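# can't give you the sequence, but here's the structure:
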């Protein structure tokens, strides 16, 4: 892949993918759980996990040797089973989850030490994208923008006034060679109510925040240091020791003290305010499959008259024309007269709710944590 | 108990209870099923099965030695485990279910041969009655009426315009010593619609048909013979051989050919038309727990703001204020935002429906039969 002009390789050849594979996906409990987080499930019916889908989407961009996975120690075996091509050098294990600033920041710091000038792109392990070609086009534009010094993101063209996602308000076009659709970012906005979401979609200048960030590693760390200097210092210490025999000792010392903060707050929003955040509109179907309502929609391919059924050995007898059944047990599941129903049947836990209430599943997980019933989490 | 006047013992001392323990209770699937029919479940929270409740209710009336149980061969062990006092002499095993005319008729024929002049009362094994004293009073009146030659039944004073039960229209008072509340029966009516049911309850002359029949065995057989002479002939052959070494051979020969017909049609309705059917009003709470809707109502004791939970090891996390959860697995069951919900969680089958649709559970059982999936029936 190294075909340079002069001494510096092209931007895309300096690109490294980072996959933070951390979140459990609490709103998909009891399907997703600590021992089997969302990214280890096949939620699309593709026959492979979301993590593997993500890997396959990134290989054509950065090649299999330039994809780093940041995940919990508990998931190492599962991740390696999913990604046999993943080299040890590209596995970053967290002793405990520290949110995205630490996860992505550590990857940036390690890669920057190994390869100064590297451009990284961070893509969650548990999202669904239907068009890998258009995704790649957007990433290539974002790499060009990142090479010019911006923190870049890819914002998804909204297909409907969704209230489950945050939005990115785009501003003026940015003139960067190789990135014809790049725009500045005015601001990030949190998940809106429906009226506001409709206004956003009508305005035409709002994109869904898919949490994809592409930047030169040094620029990302620089921006992080402005808001989280202690976190940055910790990450730099870790990176310094990472490829040495000191790694274990330094991880034990430093990692527990790192701040838990989403990269949206530590880097993206401040960079937008500073005018150094750019967005590439992504013109492809995208979903973060945040809850069983969106999973039902995804599974039924938008057909409203279908009950979605997920699970290899599912046996369902139903007169329902909407909702979703997720079966991990092979038990016979019989539904009578229930619509928009969500039934998730696992070996030790059963969830019954409706698409409408699916967002509230997280509250069950919280209640279980509080009551100490962690055996089913 | 034998304290006679002259040679004939008092009517109540000639009384024999018969418990047909046959129906599976398909509308309570997957809780009730062929291997674990309704009468073998504790549906009241009494700590014992409906069969045992029924037995305990009848012991004060006829004594434990004068209760005959008619049940399927497959249930013999379970029935004997529930009723250790039950003597072999009082067990009638069916090789296949032949409906109530054959079950009760055979008991009548056997008992009449053993003890001419016996009065029998037949009480289903899977009903719930809250007041055993008032029940006994009604049975004692019915025995007096039966001794006078009537076919007697106990009709339940309706507490609401139920549409899940058949009704008995009562007529004039009948003058029988020891049965002050006895009335003639004008007719039986099938399950009504709600408007009709309201009219019945307002009229004050309609009672719920609880399927309790009390009659002299010879009179019952006589009435049966009028509409089902072949069935009667078969039953008499069986009874003749019953207490002899021929029993097995005659059962194998005769039983398969017996007509399947409910005693309501073969005896009760024709007897009403003939003017020889009497009814004693039963002034006690009664339920046949026909579906999960009534089970929910029964379990919540009429409180509308409670989710009923059935199952020793049930673990339920719910924000529902109505409906019922039946748990046989001990799995964690979580309900979010679903009302009037019915969730029945068993080892190999799961049912999700609503109280409103609970009557339709039988259609699932029928569908499973048709599709050959009898493993879960």
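Arrived safely. Keep in mind it's a predicted model, so treat the numbers as computed, not measured.
# Next, the closest residue to chain B within the stretch 51-200 of chain A: secondary structure please.
At 16.5 Å from chain B, residue A:164 is the closest residue in the stretch 51-200 of chain A, using Cβ to the nearest Cβ. The way it works is simple: take the backbone N, C-alpha and C, and place the C-beta from them, glycine included. Classification of residue A:164 by DSSP: H, G, I helix; E, B strand; the rest coil places it in coil.
# these two touch, right, it and residue A:191?
Yes - with contact defined as Cβ atoms under 8 Å, residue A:164 counts as touching residue A:191 (6.4 Å).
# if we can go back for a sec, and the pLDDT at the residue of the stretch 51-200 of chain A closest to chain B?
Looking at residue A:164, its pLDDT is 87.
# which residues touch it?
Applying Cβ atoms under 8 Å, 6 or more residues apart in numbering or on different chains to residue A:164 gives the contacts A:191, A:288, A:290, A:291, A:294, A:359.
# Residue A:205 too?
A:169, A:170, A:171.
# among those residues, who's most crowded?
Most neighbours among these, by other Cβ atoms under 10 Å in any protein chain shown: residue A:170, with 24 neighbours.
# Pairing partners for that one in the sheet, please.
Beta-bridge pairing for residue A:170 (DSSP bridges): residue A:185.
# Go ahead and confirm it touches residue A:187.
No - taking contacts as Cβ under 8 Å, residue A:170 lies outside contact range of residue A:187: 9.8 Å.
# Strands - which of the contacts of residue A:164 land there?
Among the contacts of residue A:164, none falls in strands (DSSP state E).
# how does chain A divide into domains?
Listed by automatic domain parsing, the domain ranges of chain A are A:11-287, A:292-376.
# Could you pull up the contacting residues of the residue of the stretch 201-350 of chain A at minimum distance from chain B?
Going by Cβ to the nearest Cβ, chain B is nearest to residue A:337 of the stretch 201-350 of chain A, at 3.3 Å. Residue A:337 makes contact with A:319, A:320, B:353, B:354, B:356, B:357, B:360, according to Cβ under 8 Å, 6+ apart.
# can you pick the most crowded of these?
Tallying neighbours with other Cβ under 10 Å puts residue B:353 at the head of those, with 27 neighbours.
# ok, now which ones touch the residue lying closest to it once chain neighbours are set aside?
Excluding its sequence neighbours, the residue lying closest to residue B:353 (Cβ to Cβ, 6 or more residues apart in numbering or on different chains) is residue A:336, at 3.8 Å. Each residue near residue A:336 by Cβ under 8 Å, 6+ apart is listed here: A:318, A:319, B:351, B:352, B:353, B:354, B:357, B:360, B:361, B:363, B:364.
# per-residue confidence for residue A:336?
96.
# Check residue A:57 too.
The model's pLDDT for residue A:57 equals 97.
# Measure how far stretch A:224-240 is from the centre of its chain, please.
Stretch A:224-240 has its C-alpha centroid displaced from the chain centroid by 22 Å (Cα atoms, centre = their mean, to the nearest Å).
# For the helix or strand where residue A:223 lies, give me every contacting residue.
For residue A:223, the host element (DSSP states H and E) is helix A:217-227. The contact list for helix A:217-227, computed with Cβ under 8 Å, 6+ apart, reads A:16, A:101, A:104-105, A:108-109, A:111-112, A:116-120, A:146, A:149-151, A:213, A:215, A:231-232, A:235-236, A:263, A:265-267, A:270-271, A:274, A:276.
# Show me just the buried residues among the residues you listed.
Neighbour counting with 16 or more other Cβ atoms under 10 Å in any protein chain shown marks A:16, A:101, A:104-105, A:108-109, A:111-112, A:118-120, A:146, A:150-151, A:213, A:215, A:231-232, A:235-236, A:263, A:266-267, A:270-271, A:276 as buried within those.
# Inside strands: which ones of the residues you listed?
Members of the buried ones among the contacts of helix A:217-227 lying in strands (criterion: DSSP E): A:16, A:119, A:120, A:151, A:213, A:215.
# Can you pull the residues of chain A lying near chain B?
Listed as neighbours of chain B in chain A under the rule Cβ under 8 Å from any Cβ of the partner chain: A:30, A:317, A:331-338, A:341, A:343, A:345, A:347-354, A:356-357, A:360-361, A:363-364, A:367-368, A:373, A:376.
# If we use 6 Å, what do you get?
Neighbours of chain B within chain A, by Cβ under 6 Å from any Cβ of the partner chain: A:331-338, A:343, A:345, A:348-354, A:357, A:360, A:364, A:376.
# For the residue nearest the centre of chain A, give me the pLDDT.
Nearest to the mean C-alpha position of chain A, by Cα atoms, centre = their mean, lies residue A:124 at 2.1 Å. As summarised for this prediction, residue A:124 has a pLDDT of 96.
# And the one 10 residues further on, by the same measure?
At residue A:134, the predicted lDDT confidence score is 96.
# residue contacts, it?
Residues near residue A:134 by Cβ atoms under 6 Å, 6 or more residues apart in numbering or on different chains: A:283, A:284.
# ditto for residue A:20
Contacts of residue A:20 by Cβ under 6 Å, 6+ apart are A:70, A:103.
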